[in-house]
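**Q** kindly return the folded structure for what I paste below:
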Amino acid sequence: MTGSTASSGGLGLFETTFSIGATVVSALALLLGLGFVAMGYQDMTLPVLGTELSILTGLVGLLFGLFVALVAFVAAVYMEPGFGDGH
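**A** Modelled structure (predicted):
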């Protein structure tokens, strides 16, 4: 067994501060998107802005939230540490 297969761990979402931050951003964006779709389904208004949501605007908010969550999750998994790594 080679060294790369012996030491390969999980996704490494909590190894560096950047990956921890990106994972938190991903989770918050997912929760925010789910909140938008729930508020749109119930025809509620946004608490701060006062904009009335319909099911369509709730789904658009969900899609934006899922997109941001996916980008942040991919960044958390695949980004290498930057300046302090000696590269």
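**Q** what sits against A69?
**A** A69 is in contact with S26, A27, A29, L30, G33, counting by C-beta atoms under 8 Å, 6 or more residues apart in numbering. All C-beta spots, glycine's among them, are computed from the backbone N, C-alpha and C.
**Q** okay, and the first one sits in which element?
**A** Here S26 sits within helix 17-41, counting by DSSP states H and E.
**Q** and that helix, what does it pack against?
**A** Packing partners of helix 17-41 (3 or more C-beta pairs under 8 Å, 6 or more residues apart in numbering; DSSP states H and E): helix 55-78.
**Q** what angle separates the helix it packs on from helix 17-41?
**A** 170 degrees (axes from the mean of the first three to the mean of the last three C-alpha atoms, to 10 degrees).
**Q** mind checking the pLDDT average for helix 55-78?
**A** Mean pLDDT, helix 55-78: 92.
**Q** now that helix, how far from the centre of its chain.
**A** 7 Å (C-alpha atoms, centre = their mean, to the nearest Å).
**Q** name the residues of it that come out as buried.
**A** 57-62, 65, 68-69, 72-73, 75-76 (16 or more other C-beta atoms under 10 Å).
**Q** so how far is L59 from the residue most central in space within the chain?
**A** Closest to where the C-alpha atoms of the chain average out (C-alpha atoms, centre = their mean) is S26, at 1.5 Å. From S26 over to L59 the distance is 20 Å, taken as C-beta to C-beta, to the nearest Å.
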